[in-house]
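Asks: Provided below for reference: sequence and predicted model.
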Amino acid sequence: ETLGVIGFPFSKGQPRNGTEHGPNVLREAGIITSLQSLGVNVIDHGDIEIEVVPRDEPMKNVRNPRTVAAANKKLSDAVAKLVKMNQSVLALGGDHCMAIGSIHGHAQVEPNLVVVWVDAHADVNTPLTSVSGNIHGMPLSFLLKELEEFVPKVPGFEWCKPCLSVRDLVYIGLRDVDPAERLIIEKFGIHAYSMQEVDKYGIKEVVERALNQVDPSGVRPIHVSFDVDAMDPTLTPATGTPVSGGLSLRESFYLAEEISNTGRLSVLDIAEVNPLLSTEDKRKLTVINTTDVSTKFYGYRRQG
Ligand SMILES: N[C@@]1(C(=O)O)CN(C[C@@H]2CCCCN2)C[C@@H]1CCC[B-](O)(O)O
Ligand SMILES: [Mn+2]
Ligand SMILES: [Mn+2]
Ligand SMILES: [Mn+2]
């Protein structure tokens, strides 16, 4: 089993510079060597080459549409290529618009995939419902077939055909959901376990129910899109949209271990590490905790 690592040094899905350094600060923290020490055959394929698209004017309030689209097209192609070569993929972001390219590319090869979206946020605004205009709050609206009729044409995204159904998506960690997103979740019955449910049922029950709802037969490839702001900000402060009351380290470990134990983790996105948004020690804490969760996704066993 080979794990292909791709860096997505990108920040234009949101306004705070710094997520473009995410891949490298995770590499510097030793994420590759930590995974190799698990006995995983890791190949670091380097970074997606980001091109700046000139005169990338906003479309209505959507910022940097062409630049976001071009970068994600490249990511899609790169992920598809590796999955086709039977590699598991670890995509290091970069802001969470990366999920557009990562999930699209994965679905070109594994259309039967399911998505576990671990995040404080639902990231399912459409360009018309988004208050911020930041595409990192919209990625799922470009991917969900049921939302296609509500999503206007955004320049550059002609390549991005929706590839996911709402019944193949489940959220874990929600605690800052916009009204429009709440409406979408309820209207389409999207499975969602907010932090309230995590407190109510406990992480064991939440993970069990989540996986059972999207993949009752336990056979489908799993795409985990992990926004580090799903974790409590005391653990991952170096991120753009921190929200208090997040997943504990042990809840994050447990979730990762259970996903790993399925043996069907196919692609993992690690999004929204922003080293510029905090002091040196908070940056270190963020990358260490992120790395520690990542090793649980790839087989690190706390029991030895
Ligand atoms: N829904 C949002 C959007 O901008 O669309 C609005 N929200 C910030 C806003 C602050 C004030 C209280 C309500 N929330 C951030 C979120 C996107 C997060 C993207 B992620 O990738 O970090 O999850
Ligand atoms: Mn988030
Ligand atoms: Mn996110
Ligand atoms: Mn975030």
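Replies: Good, I have the coordinates. Ligands and ions are numbered 1, 2, ... in the order given.
Asks: ok, and the closest non-adjacent residue to Thr295?
Replies: Ser34 (5.2 Å; C-beta to C-beta, 6 or more residues apart in numbering). For every residue, glycine as well, the C-beta is placed using N, CA and C.
Asks: count of neighbours near the closest residue to ligand 1 within the stretch 101-250 of the chain?
Replies: Closest residue of the stretch 101-250 of the chain to ligand 1, C-beta to the nearest ligand atom: Gly137 (2.3 Å). When neighbours are counted by other C-beta atoms under 10 Å, Gly137 registers 25.
Asks: Please report phi then psi for it.
Replies: Main-chain dihedrals, Gly137, degrees, to the nearest 10: phi -100, psi 0.
Asks: swap in Val224?
Replies: phi -100, psi 120.
Asks: ok, it to ligand 2 distance?
Replies: According to C-beta to the ion, to the nearest Å, Val224 stands 14 Å off from ligand 2.
Asks: My read is that that residue contacts Ala271, right?
Replies: No - under the criterion of C-beta atoms under 8 Å, Val224 is not in contact with Ala271, lying 10.6 Å apart.
Asks: ok, these two, which is more surrounded?
Replies: Ala271 (31 against 21).
Asks: so who does that one touch?
Replies: Residues in contact with Ala271, defined by C-beta atoms under 8 Å, 6 or more residues apart in numbering, are Gly22, Gly93, Gly94, Asp95, His96, Met98, Ala99, His136, Ser225, Phe226, Asp227, Val228.
Asks: Could you do Arg175 as well?
Replies: So Arg175 contacts Ala120, Ser194, Met195, Gln196, Val243, Gly245, Gly246 (C-beta under 8 Å, 6+ apart).
Asks: So among those, which ones count as buried?
Replies: Those of the contacts of Arg175 that meet the buried threshold are Ala120, Ser194, Met195, Val243, Gly246, by 16 or more other C-beta atoms under 10 Å.
Asks: Around ligand 2, pick out the residues from this protein.
Replies: Contact residues, the chain versus ligand 2 (C-beta under 5 Å from the ion): Asp119, Ala120, His121, Asp227, Asp229.
Asks: And the helices in the stretch 51-200 of the chain?
Replies: With DSSP state H, counting those that start in this stretch as the definition, the stretch 51-200 of the chain shows helices at residue ranges 65-84, 98-109, 139-143, 179-187, 195-201.
Asks: The fourth one close to ligand 3?
Replies: It stands for helix 179-187. No - using C-beta under 5 Å from the ion, helix 179-187 stays clear of ligand 3, coming no nearer than 11.5 Å.
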